[in-house]
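Asker: got a predicted structure plus its sequence, pasted below:
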Amino acid sequence: TGGFRFGHFYMRRIRRLAPALFATAAATLVVSALLHSPSMLARTGRELEAAILSVSNIHFWLESDYFDVSATTRPMLHTWSLSLEEQFYLIWPVMLLLLWRAGLRASLRWAVLSLAVLSMLCNVWFAEGAPDSVSSWLPDVASDGKSTLFYMLPFRVFEFAVGGMLALCATVTTQPGRLANAGLVAGIALIAAATVFYDEGMLFPSWPALVPCIGAALVIQCGTGSRLLASATPVWIGRISYSLYLVHWPCVVFWGYLYGPPGGFGQAFVFALSVLLGHLSWRFVETPFRERRLSLRLVAVGFPVLIACGWQASASGGWPGRIDSQFEMATTLAAGESHREYYGGSGYRDGHIGE
């Protein structure tokens, strides 16, 4: 339209993201209250608060490594990426507007490219932990370079910049044809390669993150008009993808808590359940709010209620009155150490988490 209003932009973002997040967070807290021990419920309450306040990435950065054993006991762990996205939404429009008003419209692409380069240099700079020149005013956890790079926004800027450059170059279109099909296939191949060959031992994001990012950019740029992406199944998956993202990890965590790491049947069941819940969330939560059939006043009411419930679950020590036995599994912040010390002993049964 040739104009931009922050209020409209952020209301659209809230309407798109908040309802499904709040619904998933509320359901997760209820299931956690039914299943988890007090210490685990208290931790879930803190995670819920961080997710609702869009600081999950900071919360988990301060607590533990994404890939330690406790990762499979944290039902809100995956919201770290949503928090990064929401923090990006606070910074990106302001930056573009300031550059625009400063008369640097022609320099927008160079500004984004410069930020991407600076972000990548920060990945290299912090790869072994915070340098001595800055470590004195950072938390001790910053000495863990791998976790710092993974969770914190400055080290992810170059990934967002790939999408930003794609948006700024939107006037360059790729017409359907052999070249576009080749680019689409190449993009899918890059994403698949990262999915198959990357593991928790890899320093990420850093340079390896360019592979799936460039792959995603190729899919977006070359996928216009593609029969592959326009068919019913990919379109449906795209529609439910946000809700599917929200619900899949709590399903994995609660299954693992009850039955241990999922085998073939467990994986199939968790997959099917996640897709079903994702579809229901999209149909009955996302869509009514996005189409304005439900008012955002419900979200405004839900915000303080969820924060209060999360705080109360944490402050009370996980509502210990729910259970008769006060047996506690060792789920401290040093979960990796607890695993090494207690695995096969106190708090574990049949190779997975005990009651």
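Answerer: Everything's here; your move. Numbering: from 1, shown residues only.

Asker: surely Ile214 touches Val162?
Answerer: Yes: counting by CB atoms under 8 Å, Val162 is a contact partner of Ile214 at 6.8 Å. Bear in mind the C-beta positions are built from the backbone N, C-alpha and C, glycine included.

Asker: more neighbours: which of these two?
Answerer: Looking at Ile214 and Val162 with other CB atoms under 10 Å, you find the greater number of neighbours at Val162, namely 19 against 15.

Asker: doesn't that one lie inside a helix?
Answerer: Yes: checked against DSSP: H, G, I helix; E, B strand; the rest coil, Val162 lies within a helix.

Asker: so what's it up against?
Answerer: Taking CB atoms under 8 Å, 6 or more residues apart in numbering as the criterion, Val162 is in contact with Ala116, Leu210, Cys213, Ile214, Ala216, Ala217.

Asker: and it, how far is that from Cys213?
Answerer: 4 Å (CB to CB, to the nearest Å).

Asker: pLDDT weak spots in the stretch 151-300 of the chain?
Answerer: For the stretch 151-300 of the chain, the stretches with pLDDT under 70 are 171-176, 225.

Asker: ok, which stretches of it are helices?
Answerer: Assigned by DSSP state H, counting those that start in this stretch, the helices in the stretch 151-300 of the chain fall at 157-168, 178-197, 210-222, 227-230, 232-259, 264-281, 287-290, 297-315.

Asker: what's the answer for the stretch 1-150 of the chain, then?
Answerer: Taking DSSP H, counting those that start in this stretch as the test, the helices found in the stretch 1-150 of the chain are 6-35, 38-52, 56-63, 79-101, 108-125, 132-135, 145-151.

Asker: can you list those helices in a markdown table and add distance to Ala186 and mean neighbour count?
Answerer: Shown next, in a markdown table, are the helices of the stretch 1-150 of the chain (distance: least, CB to CB, whole Å; neighbours: other CB atoms under 10 Å):
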| stretch | distance to Ala186 | mean neighbour count |
| --- | --- | --- |
| helix 6-35 | 30 | 17 |
| helix 38-52 | 35 | 23 |
| helix 56-63 | 30 | 21 |
| helix 79-101 | 25 | 16 |
| helix 108-125 | 21 | 16 |
| helix 132-135 | 39 | 10 |
| helix 145-151 | 26 | 21 |
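
Asker: let's have those in CSV, adding distance to Val301.
Answerer: Below are these laid out as CSV (distance: least, CB to CB, whole Å):
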stretch, distance to Val301
helix 6-35, 10
helix 38-52, 13
helix 56-63, 22
helix 79-101, 20
helix 108-125, 38
helix 132-135, 42
helix 145-151, 30
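
Asker: much appreciated, bye for now.
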